[in-house]
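S.K.: structure of the sequence below:
(one chain, ligands or ions: 1)
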Amino acid sequence: MEKLKINIAERTTPVVLSKNLGFGLIFTDHVFEMDYAPEKGWHNASIKPLKDLSMHPATMFIHYGQAVFEGLKAFKTVSGEVVIFRPEKHMQRLNNSSKRICIPQVDIPFVLNALNELIEIDKDWIPTNKYEALYIRPFIFGSDPFLGVKPSTNYKLIIILSPVGAYYPEGFKPVKILVQDDYVRAVRKGLGECKTPANYAASLLAAEEAKKKGYTQVLWLDGIEQKYIEEVGTMNIFIRFRNEVATPKLTGSILPGVTRDSVIQILKDWGMKITERLVSIDEIINGYKNGDLLEIFGTGTAAIISSVSTLGYKDLEIKLNTDEPGELALKLFEELTSIHSGIKEDKHNWLTYVERKPVEII
Ligand SMILES: *Cc1c(COP(=O)(O)O)cnc(C)c1O
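M.R.: Next comes the predicted model:
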């Protein structure tokens with residue numbers, strides 16, 4: 001791997017962040033880019049000013065969707081240090097997603113070093129208000145100009161950064177979720193466990209229809225029997241029953257969330273019973289009717305924890321906490337955000353501290 005080239009634009013005006021950042025609306029002024037060619041491997045690694053891409057209209061990923069992405073976050077701790085939450089796990093998942101879509105693997109330590117450098121350069125863009133963060137979006141796409149279905153031979157990896165506030169317009173208010181049985185997002189042995197654009201294209205119509213009915217997102221059922229719950233649009237799902245917290249096990253059609261993994265660990269640390277297993281929609285309905293169902297919440301990097309107030313399924317509305325987030329959801333949200341901001345001990349070494357490394361990275 002050759003060296004990382006750095007070409008930083010002079011910042012003539014200071015970075016000013018608006019009060020309401022929203023999510024995914026504004027971007028920092030630098031990006032990391034690197035190219036792949038069969039004879040050179042990954043090369044041409046550079047950090048440079050953000051600008052529009054110029055590409056041939058036949059660029060393969062636009063037509064055939066050969067692309068993968070990640071979403072992770074950096075935070076400023078209360079003592080002013082810059083940290084990234086579980087970057088290595090996210091990069092491993094990027095490589096796992098790539099494998100399924102015939103995209104070449106990246107060298108994880110190299111990309112992590114480049115990411116550290118990029119964040120160091122753009123650290124003034126990291127918002128410091130509670131629950132705000134710098135969202136990191138690495139992505140790779142097939143870049144050959146070619147019409148015809150086969151893997152691309154050339155690829156581009158880019159990392160962009162976006163200062164963000166709350167993911168849902170409701171903030172940390174509970175969300176209404178509709179159980180979706182008109183459409184399927186993913187099936188086992190398909191692409192469900194990859195962060196790849198096809199999955200999101202498959203989800204759009206269902207989410208739009210749910211929104212028209214007053215719901216924020218949909219909860220997908222398994223693609224074969226439409227019987228077991230899988231996950232929400234961009235979140236994994238947890239069900240708190242009276243004697244157990246359950247989350248759907250990773251069957252291949254569900255995205256293995258890093259937040260999901262962190263929440264499972266925290267619940268274990270707290271001595272709670274947490275089970276990864278099949279959870280049927282009927283079991284949830286029965287639990288609601290007999291009082292065993294206490295709480296439902298989603299987990300994902302963007303929203304961190306999202307408490308579910310209402311679960312709609314056919315003609316039934318399962319009403320949980322109407323106005324306030326559930327007790328466990330709130331406790332987990334506080335725990336994770338306290339780890340992010342350096343208030344609570346980082347017992348499992350989930351934080352990577354961003355330090356300025358020498359510019360020449362081998
Ligand atoms: C990204 C994503 C998640 C959450 O994963 P995290 O690693 O926790 O951010 C869950 N489901 C889908 C479909 C996703 O794309």
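S.K.: how close does Arg93 get to Val106?
M.R.: Distance of Arg93 to Val106, given as C-beta to C-beta, to the nearest Å: 12 Å. Bear in mind the C-beta positions are built from the backbone N, C-alpha and C, glycine included.
S.K.: which residue packs closest to whichever residue of the stretch 1-150 of the chain sits closest to the ligand, ignoring adjacent ones?
M.R.: The ligand sits closest to Gly71 of the stretch 1-150 of the chain, with a gap of 5.5 Å, by C-beta to the nearest ligand atom. The spatially closest residue to Gly71, leaving aside those adjacent along the chain, is Thr301, at 5.1 Å (C-beta to C-beta, 6 or more residues apart in numbering).
S.K.: just give me the neighbour total for the one you found.
M.R.: Burial measure for Thr301: 22 neighbouring residues, criterion other C-beta atoms under 10 Å.
S.K.: any idea of the pLDDT on Arg185?
M.R.: Predicted confidence (pLDDT) for Arg185: 94.
S.K.: which element is it on?
M.R.: For Arg185, there is no helix or strand it lies in under DSSP states H and E.
S.K.: residues touching it, list them.
M.R.: Gly192, Asn199, Ala202, Ser203, Ala206, Trp220, Gly223, Glu230, Ser253 (C-beta atoms under 8 Å, 6 or more residues apart in numbering).
S.K.: against Val106, how distant is the residue nearest the centre of the chain?
M.R.: In the chain, the residue lying closest to the centroid (C-alpha atoms, centre = their mean) is Gly71, at 4.1 Å. As defined by C-beta to C-beta, Gly71 lies at a distance of 16 Å from Val106.
S.K.: please list the residues of the protein that sit near the ligand.
M.R.: Within the chain, the positions near the ligand by C-beta under 6 Å from any ligand atom are 71, 195, 231, 234-236, 255, 257-260, 299-301.
S.K.: just these now: which is nearest His63?
M.R.: For the residues of the chain next to the ligand, the residue nearest His63 by C-beta to C-beta is Lys195; the value is 19.8 Å.
S.K.: please verify my assumption that the residue of the stretch 1-150 of the chain closest to the ligand contacts Tyr135.
M.R.: Yes. Gly71 is within contact range of Tyr135, at 6.6 Å (criterion: C-beta atoms under 8 Å).
S.K.: okay, and the common contacts of those two?
M.R.: Common neighbours of Gly71 and Tyr135, using C-beta under 8 Å, 6+ apart, are Thr301, Ala302.
S.K.: for whichever residue of the stretch 101-250 of the chain sits closest to the ligand, give me the pLDDT.
M.R.: As assessed by C-beta to the nearest ligand atom, the ligand sits closest to Thr234 within the stretch 101-250 of the chain, at 4.5 Å. According to the prediction, Thr234 has pLDDT 92.
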